[in-house]
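Chemist: Need coordinates for the below:
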Amino acid sequence: MTAPASQRRTLLALALTQVFGTIGLGVAPTIGILLASKMTHSQALAGVARTASTFGAALFGIPLANLAARTSRRCALSVGWLVASLGAALLAFSAGGAYLTPVILGMLMIGAGSAASYQARFAATDQASESQRTSALSFIVWVGTIGSVLGPNIGTPARLLSERWGTNLYGTAFGLAALALCLATAMAYLFLPAPSLTSNVTDPPGVSPHRPSFGARCAAVYRHIVGNAQARCAVLALLGAHTVMVSVMTMTPVHMNHQGASIEVIGLTISLHVLGMFGLSPLMGIAADRFGQRPVIMAGLMTLVLSLALAIVAPENQPVMVLSLTLLGLGWSAVFVAGSALFAASLPQKQRVEASGGLDALMNLGAAMAALASGLVLAAASFPVLAGLAGLLLAPGAIGLWASRR
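Modeler: Here you go, the predicted structure:
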């Protein structure tokens, strides 16, 4: 079935926004974590930058979803990308200083872009038919591959420019990120449709729309997830996979830096990991449509286990680490695409818009806590210990998936 013209235009606009936005966001797992490590001189605190950005994504998740429900996706996504661009600009000006507070604030604001990027995948399903919902979602996840692969390597042009201009390497990298995020803001505002993508869910004529408070919205999201077995299964799998992925990827640049790897090599390794996350997402969507979301989620969880096993066995072998991170991305992709589709299919459209913000907030809050804890674990123990502890977080999702079969 061919998608209607309005849906095709929406997908194109979302795709353009994702490309530029994810380029800007790509600085967080590489340049951001290295900057925090340089400023704090502490391995235990090196995850503070990633923690701030992931906590920012959790902080902005529900407000942006509520803004989309009240106004439009265009408004919500434009605000999210704009806040992220301002955060990158703040980092560009403060990267050469000695104060950590503006760095943390800037990374927190960049998290708004992550929240907007996550929300875009649900925006792709708003006007899609049931048979095309997973394909539309996976397409938006996949198109972010371009920016997500280029973003971690932003250190390469930043080094050339900083040497030519005599500027700070980190400041130049975040300046380029701010430019990319500004372009994402412009794309969202200019090309996304102005009417609400949930405009087909209307209040009866003559009745003023009821706007519950922020706390009431959070409570409603919680009740809906807890009372829905299908949504609960998807949430457990998504929370586990996302937390594991973030915790291991956060400390990988620090681990590789201690092994003597350059910023270019670290960026390339993270890019291959990100390619695994997004490059095959359309195939994950096709597999979920053909075989069902639950089998694809289970396959993703098994891939994550294999990735962690490789990191435990050979943490100092660079080719094995590259393979491990690639598998980490592939496993996350399977769970993320199929789990998001299962979650979206379990909810009516109006609740999906509001609950998606709650889901993203939960995912990013858990990831922020894991990112902070991962630095402490790496400092106190080792990278294999970190990978082993992360594997325990996959158990609830696997148990919930197995139980849902009954």
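Chemist: Tell me, please, the helix or strand in this structure that averages the lowest pLDDT.
Modeler: Here the helix or strand of the chain ranked lowest by mean pLDDT, DSSP states H and E is helix 214-226, holding a mean of 62.
Chemist: which of the residues in the top helix by length along the chain are buried?
Modeler: Once the chain is assigned using DSSP state H, the helix that runs over the most residues is helix 349-380. When burial is assessed from 16 or more other CB atoms under 10 Å, helix 349-380 yields the following buried residues: 351-375, 377-379. The C-beta positions use only the backbone N, C-alpha and C, and glycine is treated the same way.
Chemist: Need the nearest residue in space to residue 123, chain neighbours excluded.
Modeler: Across the structure, with CB to CB, 6 or more residues apart in numbering as the measure, the residue nearest residue 123 apart from its sequence neighbours is residue 73 (4.6 Å).
Chemist: what's the answer for residue 383, then?
Modeler: The spatial neighbour of residue 383 that comes closest, neighbours along the chain excluded (CB to CB, 6+ apart), is residue 315 at 4.4 Å.
Chemist: Ok, residue 325 next?
Modeler: If the residues on either side of it in the chain are set aside, residue 325 comes closest to residue 273, at 3.9 Å by CB to CB, 6+ apart.
Chemist: circling back: how far away from the center of its chain is the longest helix of the chain?
Modeler: Taking CA atoms, centre = their mean, to the nearest Å, the mean C-alpha location of helix 349-380 is offset from the chain mean by 9 Å.
Chemist: Could you pull up the mean pLDDT of that helix?
Modeler: Throughout helix 349-380, pLDDT has a mean value of 77.
Chemist: Next: stretch 98-116.
Modeler: Averaging pLDDT along stretch 98-116 gives 88.
Chemist: what about the nearest residue to residue 228 once chain neighbours are set aside, how many residues close to it?
Modeler: Closest residue to residue 228 apart from its sequence neighbours, by CB to CB, 6+ apart: residue 346 at 5.4 Å. If you count neighbours by other CB atoms under 10 Å, residue 346 ends up with 21.
Chemist: so residue 346 touches residue 227, yeah?
Modeler: No. The pair residue 346 and residue 227 fails to qualify as a contact (CB atoms under 8 Å) at a distance of 10.7 Å.
Chemist: follow-up on the earlier one: and the residue nearest to residue 228, what does it touch?
Modeler: 228, 230, 231, 234 (CB atoms under 8 Å, 6 or more residues apart in numbering).
Chemist: name the element the last one belongs to?
Modeler: Looking back up the chat, that one is residue 234. Assigned by DSSP states H and E, residue 234 falls within helix 229-258.
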